[in-house]
Structure formats: C-alpha cells, structure tokens
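# Make a model of this:
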Amino acid sequence: MSIVVAIDGPSGSGKSTVARGVADALGLDVLDTGAMYRAITQAVLARGADPHDAAACAQIAREVAVDVGERVLLDGIDVTSAIRGPEVTGAVSTVSAHSEVRSVLVDRQRAWVDQRGGGVVEGRDIGTVVFPQATVKVFLTASGDERARRRQRDEQEAQREVEVDEVRDDLARRDHLDSSREASPLRAAPDAESIDTTGRSATEVIDHVVQRVRAAVAEAG
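From the prediction side, this is the model:
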C-alpha cells in the first residue's frame, strides 16, 4: 500500500525534525512543503513583485521550478539559506495565503507523492487539504516559549542574532496569519493526533509516529 504520513503544525513545533526521523525509520522520502512556499516567496521578492498581489504571485509560482530535498533549488539555483532569511520569513505568510498559489503547489505536492508511491509530508494543511486520506496524520504543537527558543537556536546556527522575544512575537504574527487565512488555514484535521512536543525528545516523538504508521499498515493488511 502507498504510505503517506501527514505532519502538520506551526513553526517551531518540531515538524522538520520529526518528519526526517520518521522518513528515515520507514525508508520513505520526505517533503518540506513550507520550503516550497518559501522558495516561491523568494522568487516573488527577487522579481520585485508585491507579495500582496495574488495574480502576480500565482503567475510566478506557475513559472518557476522548485526542487526540495537536502537543498532547495529555485530554477536550479541553491536558495537553501536565502529562504530562511528575515525577508522571506516576513513575507511568506502573505504569499502562501493566496489560494491561487496554494493550488499550484498542492498539485505539485500530490505529484511528488504519486511519483514516489508515498512519503512523509510536512506542512500546515497536509492532513486537511493536500492528503485528507493520509495513512497517519499528526498535528504537532509546543508552548510559545519552547517554539521561540527553538527558532532562536536555528537563527543562531545560521549566524543570525535575534532576541527570543523578537522570535516569539514573529511566531505569534505568523500563527495569526496562517490560522486566519481563507485558503487552507492552519488547523488540525479532525482525525489527526495532536502531539505536544514541549519537553519531549525528538526520538520519543519519532518513535511514537513510526509505531502508529506500522500499526496502520498492519491493520490495513
């Protein structure tokens, strides 16, 4: 059977770490859909388009090639570091709120899974919109302080110094934008398991999700 694991949640909840760990354990490929939206945002900014212009953003999304793996390539150019910078971070929620942009990328995300016969897909609307029939759906959460600390650590590793309060405020801003948008808002699917990762090791969460997937596969026969 085709195994699709949907991992959703806000920034700093641990999606990327858990998704990679689950994929490694199950021998599946992993897709970071957030990186796809960031790459489109990078293209919008690079072309001088207005992130609020839905038609312009959608046209750019249709025109550019995005390859997300160990590195993120935009029209063949490595933008792995650039898409995590403050400019893209400040605009990605605006660009990703456009329904036309989401339609383009949802088609690409489904094609990615079809080509591989399954996979672990992380994002904000995977269990609700992209793969509502996923084998297993989880929605990761964490306390605001924990998420802010994690994001601050990521920024420091990228040699960008930020204060934890600044990170916390930015996360709150993005949470509001992502959860209140009309197109595919950030929310847990009704049949997703919510997991609070605060104070839990990545290994513990990964093992739990892997066990759930294996149980689901065994039950399906």
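
# pLDDT value on the spatially most central residue of the chain, please?
The chain has Gly123 as the residue nearest its centroid, 2.9 Å off, counting by C-alpha atoms, centre = their mean. Note on Gly123: pLDDT of 96.

# ok, now which ones touch the residue lying closest to it once chain neighbours are set aside?
Distance criterion C-beta to C-beta, 6 or more residues apart in numbering; nearest residue to Gly123, sequence neighbours excluded, is Thr33 at 3.6 Å. The C-beta positions use only the backbone N, C-alpha and C, and glycine is treated the same way. Neighbouring residues of Thr33 by C-beta atoms under 8 Å, 6 or more residues apart in numbering: Val68, Leu105, Gln109, Val121, Glu122, Gly123, Arg124, Ile126, Val130.

# Select, from those residues, the two members most distant in space.
Maximum pairwise distance among the contacts of Thr33 (C-beta to C-beta): 15.2 Å, between Val68 and Arg124.

# Skipping adjacent residues, who's closest to Ala148 in space?
Closest to Ala148 by C-beta to C-beta, 6+ apart is Arg168, at 3.9 Å.

# same thing with Ser96?
Nearest to Ser96 is Tyr37, by C-beta to C-beta, 6+ apart, at 4.2 Å.

# which SSE is that neighbour in?
Assigned by DSSP states H and E, Tyr37 falls within helix 33-46.

# Return the distance of that helix from the chain's centre.
Centre-to-centre, helix 33-46 and its host chain are 12 Å apart (C-alpha atoms, centre = their mean, to the nearest Å).

# right, and the helix or strand after it?
As assigned by DSSP H and E, the chain's next helix or strand after helix 33-46 is helix 54-63.

# contacting residues for Leu73?
Contact partners of Leu73, counting by C-beta under 8 Å, 6+ apart, are Ala65, Val66, Asp67, Val79.

# Next up, phi/psi of it, please.
phi -110, psi 130 (degrees, to the nearest 10).

# Specify the beta-bridge partners of it.
Asp67, Asp78 (DSSP bridges).

# And it, what's its pLDDT?
Per-residue pLDDT puts Leu73 at 98.

# quick one: the helices in the protein?
Applying DSSP state H to the chain gives helices spanning 15-26, 33-46, 54-63, 86-96, 99-116, 144-157, 164-180, 202-220.

# what would these look like in CSV with distance to Val136 and mean pLDDT?
CSV is the format used below for those (distance: least, C-beta to C-beta, whole Å; pLDDT from 0 to 100):
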stretch, distance to Val136, mean pLDDT
helix 15-26, 9, 97
helix 33-46, 17, 98
helix 54-63, 29, 98
helix 86-96, 24, 94
helix 99-116, 14, 97
helix 144-157, 23, 83
helix 164-180, 22, 84
helix 202-220, 5, 96
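
# deepest of the ones you listed, which one?
Greatest average neighbour count among those goes to helix 33-46 (a mean of 24), per mean count of other C-beta atoms under 10 Å.

# now the angle from that helix to helix 99-116?
130 degrees (axes from the mean of the first three to the mean of the last three C-alpha atoms, to 10 degrees).

# any idea of the angle helix 33-46 forms with helix 15-26?
Using the same axes, to 10 degrees, helix 33-46 lies at 130 degrees relative to helix 15-26.

# Tell me what angle helix 33-46 forms with helix 86-96.
Using the same axes, to 10 degrees: helix 33-46 against helix 86-96 is 100 degrees.

# Alpha carbons of helix 33-46, as PDB, please.
Extracted C-alpha coordinates of helix 33-46, given in PDB (Å, rounded to 0.1, in the frame of the first residue of the first chain):
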ATOM      1  CA  THR A  33       6.100  22.000   1.800                       C
ATOM      2  CA  GLY A  34       7.000  25.100   3.900                       C
ATOM      3  CA  ALA A  35      10.300  25.200   1.900                       C
ATOM      4  CA  MET A  36       8.300  25.200  -1.300                       C
ATOM      5  CA  TYR A  37       6.200  28.300  -0.200                       C
ATOM      6  CA  ARG A  38       9.400  30.000   1.000                       C
ATOM      7  CA  ALA A  39      11.000  29.300  -2.400                       C
ATOM      8  CA  ILE A  40       8.100  30.900  -4.200                       C
ATOM      9  CA  THR A  41       8.300  33.900  -1.800                       C
ATOM     10  CA  GLN A  42      12.000  34.200  -2.600                       C
ATOM     11  CA  ALA A  43      11.100  34.300  -6.300                       C
ATOM     12  CA  VAL A  44       8.400  36.900  -5.700                       C
ATOM     13  CA  LEU A  45      10.800  39.200  -3.900                       C
ATOM     14  CA  ALA A  46      13.600  38.600  -6.400                       C
END
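
# Much appreciated, bye for now.
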